[in-house]
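# structure for this input, please:
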Amino acid sequence: MELVIDRLTKRYQNKIAVDQLSFTMTPGVYGLLGANGAGKTTLMRMICGVLKPTSGEVKWNGLEAGSEPYRDALGYLPQDCGFYPDFTSREFLLYLCSLKGLTKPDARVRTAELLELTGLTAVAGKKIKTFSGGMKQRLGIAQALINNPKILVLDEPTAGLDPKERVRFRNLISGLGRDRIVLLSTHIVSDIEQIADLILVMKAGRIIHSGTQEQLLETIASRVYECVVADEQEAGRLTEKYPVMGVRQHQGQMIVRLAAEKPPVLDAVPVKASLEDLYLYYFNEVSADA
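Below is the predicted model of the structure:
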């Protein structure tokens, strides 16, 4: 079972949103990491058959994106999942089950299963308009799983969730990735760190790196430093010249963490890189080659 993206491209007048992407996915959790505007949502909408590519194609086991058999294998949670606020979560899922062709008995069984899976059984009779952001996101996952999809596409699923809800959400997604392809788009680095088997780093419509977290960190392993600065002015000068990951106070000293091709100052100390360092290294407005 594999999802093949072949030279996928999307152009909007003078802008190329997705630029000839080619990669293959098999069962597991894939993290699509990139800043806002990198092309993540455009890519995911083309994978889901919602948006027609300018060129290239998406196929799952030979089936073209947008075809009926392909849609039968697909589950999709967009950034803004539309809900009927006066429906209860049970009513909402039963309604969507009917739209997907399930019989009433099967719809009742599947709805109960999904409410249990997403931790919503206790609030099954409450109206959606009373739900927190995290509860709505879990309901969004439930609707995406109605047809037990082999491909599950999640666009910024943890945006706006509090830390507790994000942990609950990550645990749910991690379990779902055992027997299906899960593509998770986000700019929240900690979500990717915890659950992705493979990470795709997207910038300006291209996949600039792909691999496990360990493989990706090797690309900046010798480029992250910490150095003590005298004051905020010196920290500001470094910020103008290098991608800075953070500034902190420690035992009365100001310490700057940054990326550079070589030690930025004489007493700079090389430190172990993190995925957040990698994100800031590639998506900081300052050139990493400064």
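# secondary structure class of the residue nearest in space to the middle of the chain, three-state.
When C-alpha atoms, centre = their mean is applied to the chain, the residue found nearest the centroid is Ser185 (2.0 Å). Following DSSP: H, G, I helix; E, B strand; the rest coil, the label given to Ser185 is strand.
# hmm, it is touching Thr158, no?
No - assessed by C-beta atoms under 8 Å, Ser185 is found out of contact with Thr158, at 10.4 Å. Bear in mind the C-beta positions are built from the backbone N, C-alpha and C, glycine included.
# low-confidence ranges, the stretch 151-290 of the chain, go.
285-290 (pLDDT under 70).
# show me where this structure has its helices.
Secondary structure of the chain, counting by DSSP state H: helices at 40-47, 68-72, 89-99, 104-117, 133-144, 163-176, 189-195, 213-217, 232-241, 275-283.
# got TSV for those helices, with mean neighbour count too?
Compiled in TSV, the helices of the chain are given as follows (neighbours: other C-beta atoms under 10 Å):
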stretch	mean neighbour count
helix 40-47	23
helix 68-72	14
helix 89-99	19
helix 104-117	16
helix 133-144	22
helix 163-176	16
helix 189-195	19
helix 213-217	16
helix 232-241	14
helix 275-283	21
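# turn these into CSV, including distance to Glu261.
Shown next, in CSV, are these (distance: least, C-beta to C-beta, whole Å):
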stretch, distance to Glu261
helix 40-47, 28
helix 68-72, 45
helix 89-99, 52
helix 104-117, 48
helix 133-144, 40
helix 163-176, 34
helix 189-195, 22
helix 213-217, 16
helix 232-241, 12
helix 275-283, 11
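# how about these, which one is nearest Trp60?
Closest to Trp60 of those is helix 68-72 (C-beta to C-beta; 5.8 Å).
# what does the closest one contact?
With contacts defined as C-beta atoms under 8 Å, 6 or more residues apart in numbering, helix 68-72 is touched by Gly49, Trp60, Leu63, Glu64, Asn147.
# how about the residue nearest to the centre of the chain, what does it touch?
Neighbouring residues of Ser185 by C-beta under 8 Å, 6+ apart: Leu32, Gly34, Lys40, Thr41, Met44, Leu154, Asp155, Glu156.
# per the annotation, how does this protein divide into domains?
3-217, 219-283 (automatic domain parsing).
# between the two ends of the first one, what distance do you get?
Same thing as domain 3-217. End-to-end distance of domain 3-217 (C-alpha to C-alpha, to the nearest Å): 26 Å.
# can we start the residue count at 53 from this point?
Noted, 53 is the first residue going forward, which turns the last one into domain 55-269.
# tell me the contacts of the closest residue to Arg190 other than its chain neighbours?
Spatially, and ignoring its direct neighbours in sequence, Arg190 is nearest to Thr170 (4.1 Å; C-beta to C-beta, 6 or more residues apart in numbering). Shown in contact with Thr170 (C-beta under 8 Å, 6+ apart): Arg190, Leu191, Ile193, Ala194, Leu224.
# please name the residues that touch the last one.
Meaning Leu224. Per C-beta under 8 Å, 6+ apart, neighbours of Leu224: Leu169, Thr170, Gly171, Arg190, Ile193.
# now those as CSV including pLDDT and distance to Glu328?
CSV is the format used below for those (pLDDT from 0 to 100; distance: C-beta to C-beta, whole Å):
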residue, pLDDT, distance to Glu328
Leu169, 89, 31
Thr170, 89, 28
Gly171, 89, 28
Arg190, 89, 26
Ile193, 89, 25
